Structure formats: C-alpha cells, structure tokens
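>>> Build the 3D model from these lines:
(2 chains, ligands or ions: 2)
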Amino acid sequence: MRQTDILAMAVFALRGNWMRSILTALGVIIGIAAVIIMVSIGQGTQAELDKIMDRLGSNRLEVFPGGGRSGGVSMAAGSLPSLTTGDMTALAAEIPEVQYVAASVRSGGQVVFAERNWSTSWQGISPDFMAVNDWQLAAGDGFQARDYSTAGKVVILGETVRRELFGDGDAIGATVRIQQVPMTVVGVLESKGQTGWGGDADDIAFLPLDTARRRMMGAAASPGAGGGPASLLPMDRVNQITITVARPQDLDYVQEEATRLLRQRHRIAPGAEDDFTVRNLAQMVATRTQTARLMALLLGAVAGISLLVGGIGIMNIMLVSVTERIREIGLRMAIGGGPSSVRRQFLAEALIISIGGGAIGIAIGVGGAIAIAGLTELPVVLNHKVIAMATAFAVATGLFFGYYPASKAAKLDPIEALRQ
Amino acid sequence: MMAAGSGDHRRQPPLVPAANPAANPAGQPDPVPVVRIEHLDKIYNPGTPGQVQALRDINLVIQGGEFLAIMGPSGSGKSTLMNIIGCLDAPTAGRYLCDGIDVASLDAEERARLRLARIGFVFQSFHLLPRMSALENVTLPLIYAGVPRAERAAIAEQALAQVGLADRGRHRPNELSGGQQQRVAIARALINSPPILLADEPTGALDSRTGEDILALFKRLRDAGHTVILITHDAEVAAHADRVVHIRDGALHEGDDDGQPPPEA
Ligand SMILES: Nc1ncnc2c1ncn2[C@@H]1O[C@H](COP(=O)(O)OP(=O)(O)O)[C@@H](O)[C@H]1O
Ligand SMILES: [Mg+2]
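Residues are numbered from 1 along each chain as shown, chains lettered A, B, ... in the order given. Ligands and ions are numbered 1, 2, ... in the order given. Have a look, this model is predicted:
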C-alpha cells in the first residue's frame, strides 16, 4: 500500500466528520500556540540577557551608596554620602583579583556653545571609567593624567550633544560653558545609539571626576535649589563605583571581599545594615528577566497540559472512530488489508489531526508572539527553531496518542468485525 | 473476458508463489487444486464449557474453474467453513491448502496478502463502504495491491462494466438497488483476478428475481474461468452450481440427494 493512498484515505475519513476533526484538534492548537509563545519569550529573555552580558561583560560589580532593598538609588541631597574616592582607591589596592575600579558622579545641566545650548546629563569620571564602560573616542585625545589631577577645565561630549551644539562644525578645541564654567572640548564619544531602555546613550558629557566635584558641584556654582552650601558636600563623594575582575570566576569572591572591605571602612557594626549596595550585573539582569521567565514557565505548563488534553482527546475520538467503523475495518481486512495497513491508516488520521492542529497552532502562536512583542515590554525572539520544536511536539502528540487506537484497530478479528 | 481483462494487471504478493492458473477451460483436473482440505476440524472455545465443534473431519478438493455450492441448514457450519476457506480463520486440526499454500503457517499479515491475491469475498449484506462511490468501492483492493492511482480507475471501470454497471460508477451504494449493490461487491471481489470467489448467501438479501440475475452472473464468471464457491441454505440456489456438497452438524456429504450433476464441463 502506498503512502499517498494512506494519506488520501485518512483525509477522506476525516473529511467525513470534519467538524469533529477540528474540535479534536483544538487541544493541540492551543497547546502548540502556547509552546510557540512560551519558547519565543524564553528565547527573547535569553537573548536580551546575552546582549547585555556581551556588551558589558559578566565580570563587573556595581557599588551604589545607600543600603537596603531599593538599592542603586543615588543618594538624596543631604543624606550621608557613603561612597568616596577613598573607597575606590582601597578597593583597587586591597583586593588583588580586581582589574579596574572606576568611580563617577552624576548631575545634569545646560551646555552652552555660542548661541546654542543643550540640556544633558553629565558625569564626572575617574581615569578607568571609559575603559570599564566600553566608551571609545571618535575624535580628540580625551582626558590626560593632568586633567584628572588638577581638575582641568576639559570636557568630552557625547555624539548627540556634539551634534546639537556644533552641527557639522568641528567641536575639538572649542570652548563650551557648563554652569558658567568654560570648558575645552577634548574629545567626542563614538555613538552607542539606543540604551537598553529606549533612551539615547549619546546624550551625555564627561568631565574629569574632580572637575565635576570641585567646579560644578562645589560652592562656586551650585546649581541646585536653595543655593546649596558647598561645605555640606564632601569633596570626595562619588555616586557609583564599578569594579571589574580579570577572571569572571572571581566575581563572587570579589563581591564578598568588597562588601567586607567597605563595611570595615565605613565602620559598620556587625549585624548592622550596609550603607552601600554591591550588585552583580548578572544578578541585576536576572532579576529583571525573572518576570518574563515566570510567565514563560506558566505558558509552558499551559502548553504541556493542553497538549496532554489534546492528545487524550485525539485518543478518545480515534477509539470512538475505531468502534464506529468496525465493519469497515473488517471489510478492509477481508479484501486484503493487513493489520499494518489498518494501523497505518488510523495512525495517519491521528497524525493529520495533530499536525493540522499544530499548523493552526503555529499560526496562532506566531501571531500571538508578534502581538506580545508589540503590546508589552517582554522580549520575544521567533525563529525556525521555535517552529521546528512546535512541529516536533505536534507529531509526537499524534504518534503517542494515536498509536493505541490504531493498534486496537489492527488487532481486530475480521470475522468479528464483519459480524457487527 | 473478465480474466483476460484484468490479466494485464496481475500482481502477486511476493510471499505467494505462483501456483495455479485461474482458468482451466478444458475441464481437466488440475494437479494443484485451488482448495484442498484434509481431515479438518474446527472447535470454538476448546477446553471450556462453551466448547462447540463446528466442523468435523472435513475433506474437500475444489479444482480451478468449478462452480461449487456448499449447502446446509442454519448452524450447520457453513460460515465457519467459509471463513477457513477464505483464510479469515484457522482450523483447530487438519490441513488446508489454499491454491497450494498451507495457510496454517501464515501470520495475520501474510494471510491478508493471501486474501488480497487469492480470495474474492461476496457477502450477504454486500459490505460496501457507504461514503464511497461504486467505482471507489471496486477500487479498494487495488489500493491494497499497490496499483498506482493512475491505473486504478480504468481497471475498476472495466470490472464494473463486466457486471453490467458501467453507467453507475459515480453512484453511492444508497443510490443503487440491492442487486446493483451486490454486483458492485462482485466487481470488487473480482478486481484482483483471484482464483477463488467466495460467496456467503449472496442472494439472501435479494428478491428471487434479482437473486437469479446474480446466480446467472456467477455462471458467466465460471464460464470465464473463475472458481466460484457458493454458500447457501437454499436448495434452489444451490441447484445453479455444477456441484453441491452438503454440510450437516459440521460434517460434509458429497453428492447427496439434492446434488445436481454438472450440466456442462
Ligand atoms: N465464534 C463462535 N464461537 C462459538 N461458537 C460459534 C462461533 N461461530 C459459530 N459458532 C457455532 O458453530 C456452529 C456453526 O456456525 P456457523 O458456521 O455460523 O453456521 P452457519 O453459517 O451454517 O449457520 C454453530 O453451532 C454456531 O453456534
Ligand atoms: Mg452463516
């Protein structure tokens, strides 16, 4: 017996009861759609994680002032600063596994050039900051050692700031004003485009750390409300310290050591809470993606249960079908249809239901994944692997749950079957 | 005509050795009979309280080209014997050679292939598949024989023409009369040119006039070289056969009182 004939026979039988066939496929349709959506979200989450890890590396720790659960929030003005340049130096000096330590302070304000001005956020940075955060210079020589040690009046502009102030003109060597202080542009950053959160990564400016603290945040030109007295702002404070290690496997150890060292330096009593937060970037990303994973898991459960129920539905309907068509089976056997051809015919019917349901489920799942990508923040990755996996599930469901009814049909005694 | 028509499409399952040419126009006894039954017993449910001896010590030889009737009252064992001759059931004891092949040695799959090539069944209740046209019903055995789709329709149309239903191929069974349905079933039984045509009460569901037509068709098939085994409880029906064997309580009696001598050879 030919494969095409078996297929044609199975299609013929299913068409005779097409409504029942479609209803039987419903479980598989839902199950496969859920598989597609689940796997695309899972893959999307993984891809986002990989992307962030790729860009920044899995070898870094971020230290923020302030302890507690909400960690990472920069200090409100007036609260006690907990991270200092001294901390940075100590971390670099006392933990040998550390590769780089970079510190920064953050603020924002107008940058003025001639008639133009642009409001941006600027950061004061320590010498290793650009290397640690993978910033490259598109133009200019950047900061020199002197600029760091003498609080030089120099600035590096992000691409967006440069474009807004200079357009097509040359920025290097020009003088811009930030909070009235004239600064020489010594570099322009290479563009990074979008940040992971949809912002503009290039809307930024860098100053040497001490320039920012002394000339921008100091008494001379405190921009904040209430004309903040400079004396309240300790000169060595920083907003963030980034630590990198040469070998990623040292990360956990360095995290412990850094915590121990900072507690000691900040004189925190045993049992008291940290006044700083050390975060592993991998942990941060993992936390952010946990919701998505949970959702994928939930969908996975839905998919599994739907496929199970769908498969049982197929088995049930196929068993009914074998009973209904017992005379047909007896006749087919009498005229020369062997047990194997009967088995293949019924297995083909189960497979057509499950594969047909799978195809519809794939269409719905792909549509659903695209809709989720458009309507929510969840990362979604659709590819041929997802489709192949769904197809495999559909085939497996049909084979697994179709085998028993098909075998039952094949084992029928033609004499008994014809007597019905 | 029939044998010649479908002779172009002889397909033997690989398992079955070519044994017996279907037709023997000269009427000479063939060295290999299409049916040889020796000391055959059939006991249902042996060793249980429900044990029934349906057949006892049956001996029967049927040559190619014969038109034979097996006659007996209800419950005498006719259907049991037909199931064994048709390779649907196995004897409890004794030997059955179908076209020279010992059926006892075959498994279910091999018996199906034997039926496909050697046996054509005609049932009292026709057993046509209701959703298929007459032509599609006739085509079924060709599908199991692996005949390519393109060749099937022509063979089936020819078979239908030979039972006088050339113009009814598109009709479903429920659009045909009982006699027409039985002819479709006969065309289906003949389509693989099997050496043995087995008919169990083929006229039982038909009025006597239509029954006569079917019996006349069997005679024509006999003339064309087919072996026809007719099972019936009706002496008038059996009278159409060339040779009648009687079965009572599971035992055969050849050439009994009602037996008609073969009218022609
Ligand atoms: N499957 C079976 N199980 C038990 N007994 C059976 C079975 N089939 C037939 N018989 C018995 O065998 C005997 C012959 O039956 P059967 O061959 O059907 O007779 P017929 O076809 O001549 O009416 C009967 O007594 C019947 O009751
Ligand atoms: Mg009977």
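>>> Name the strands paired with the biggest strand by length in chain A and say parallel or antiparallel.
In chain A, taking DSSP state E as the definition, the longest strand is strand A:98-113. Here strand A:98-113 is paired, per DSSP bridges, with strand A:116-125 (antiparallel), strand A:175-178 (antiparallel), strand A:240-245 (antiparallel).
>>> Buried deepest among these, which one?
strand A:240-245 (a mean of 22; mean count of other CB atoms under 10 Å in any protein chain shown). All C-beta spots, glycine's among them, are computed from the backbone N, C-alpha and C.
>>> can you list contacts of that strand?
A:57, A:59-64, A:74, A:83, A:87-88, A:91, A:97-104, A:106, A:129, A:132-133, A:251, A:254, A:258 (CB atoms under 8 Å, 6 or more residues apart in numbering or on different chains).
>>> which non-adjacent residue is nearest the closest residue to chain B within chain A?
Minimum separation of chain A from chain B (CB to the nearest CB) falls at residue A:336, amounting to 2.6 Å. Once flanking residues are discounted, residue A:336 sits nearest to residue B:116: 2.6 Å by CB to CB, 6 or more residues apart in numbering or on different chains.
>>> where's that neighbour relative to residue A:334, distance?
The spacing between residue B:116 and residue A:334, counted by CB to CB, to the nearest Å, is 10 Å.
>>> picking up where we left off before, so what's the residue count around the residue nearest to residue A:336?
By the criterion of other CB atoms under 10 Å in any protein chain shown, residue B:116 has 27 neighbours.
>>> Could you say which helix or strand holds it?
Using DSSP states H and E, residue B:116 maps to helix B:108-118.
>>> Okay, buried residues for the longest strand of chain A please.
Within strand A:98-113, the residues scored as buried using 16 or more other CB atoms under 10 Å in any protein chain shown are A:98-105, A:107, A:109, A:111-113.
>>> Could you do stretch A:275-288 as well?
Neighbour-count burial for stretch A:275-288 [16+ other CB under 10 Å]: A:275, A:276, A:277, A:278, A:279, A:280, A:281, A:282, A:285.
>>> Below-threshold pLDDT in the stretch 1-150 of chain B: ranges please.
B:1-31 (pLDDT under 70).
>>> 50 instead, please
B:1-25, B:30 (pLDDT under 50).
>>> Spell out which parts of it neighbour chain A.
Counting by CB under 8 Å from any CB of the partner chain, the stretch 1-150 of chain B comes close to chain A at B:83, B:86, B:88-89, B:108-109, B:112-113, B:115-117, B:121, B:123, B:127, B:129, B:131, B:140-141, B:143-146, B:148-149.
>>> Would you state the helices of chain A in chain order?
A:3-15, A:18-56, A:85-94, A:129-132, A:145-149, A:159-166, A:209-210, A:251-265, A:281-324, A:326-334, A:339-375, A:384-410, A:414-419 (DSSP state H).
>>> Nearest to ligand 1, out of those helices?
helix A:414-419 (7.2 Å; CB to the nearest ligand atom).
>>> In terms of secondary structure, what does the closest one contact?
helix A:326-334 (3 or more CB pairs under 8 Å, 6 or more residues apart in numbering or on different chains; DSSP states H and E).
>>> So the helix it packs on, near ligand 1 or not?
No: judged by CB under 6 Å from any ligand atom, helix A:326-334 stays clear of ligand 1, getting no closer than 13.7 Å.
>>> what separates stretch A:380-391 from the chain centre, distance-wise?
18 Å (CA atoms, centre = their mean, to the nearest Å).
>>> got it, and stretch A:242-253?
For stretch A:242-253, the distance to the chain centre is 22 Å (CA atoms, centre = their mean).
>>> contacting residues around residue A:258?
Counting by CB under 8 Å, 6+ apart, residue A:258 touches A:61, A:63, A:91, A:95, A:243, A:278.
>>> burial count for the closest residue in space to the fifth one that isn't next to it in sequence?
By that I understand residue A:243. Counting by CB to CB, 6+ apart, residue A:243 lies nearest to residue A:61, which is 4.4 Å off, once chain neighbours are set aside. By the criterion of other CB under 10 Å, residue A:61 has 24 neighbours.
>>> Quick check: residue A:61 touching residue A:251?
Yes: contact criterion CB atoms under 8 Å: residue A:61 and residue A:251 qualify, at 6.9 Å.
>>> check contacts around the closest residue to residue A:188 other than its chain neighbours.
Excluding its sequence neighbours, the residue lying closest to residue A:188 (CB to CB, 6+ apart) is residue A:139, at 4.4 Å. Counting by CB under 8 Å, 6+ apart, residue A:139 touches A:171, A:172, A:187, A:188.
>>> got the contact list for the residue lying closest to the second one once chain neighbours are set aside?
Translated: residue A:172. Excluding its sequence neighbours, the residue lying closest to residue A:172 (CB to CB, 6+ apart) is residue A:140, at 4.6 Å. Neighbour list for residue A:140: A:156, A:171, A:172, A:185, A:186, A:187, A:188 [criterion: CB under 8 Å, 6+ apart].
>>> any chance of the buried residues of strand A:98-113 in a markdown table, with distance to ligand 1 and pLDDT too?
Shown next, in a markdown table, are those (distance: CB to the nearest ligand atom, whole Å; pLDDT from 0 to 100):
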| residue | distance to ligand 1 | pLDDT |
| --- | --- | --- |
| A:98 | 88 | 88 |
| A:99 | 87 | 88 |
| A:100 | 89 | 89 |
| A:101 | 91 | 90 |
| A:102 | 91 | 91 |
| A:103 | 94 | 89 |
| A:104 | 92 | 89 |
| A:105 | 96 | 87 |
| A:107 | 97 | 85 |
| A:109 | 100 | 85 |
| A:111 | 100 | 90 |
| A:112 | 105 | 89 |
| A:113 | 104 | 89 |
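>>> what's the closest of the residues you listed to residue B:246?
Closest approach to residue B:246 among the buried residues of strand A:98-113 (CB to CB): residue A:99, at 106.0 Å.
>>> can I assume the closest one is in contact with residue A:246?
Yes: because the distance of 4.5 Å satisfies CB under 8 Å, residue A:99 is recorded as touching residue A:246.
>>> so what's residue A:157 bridging to?
residue A:188, residue A:205.
>>> State the pLDDT value of it.
pLDDT, residue A:157: 91.
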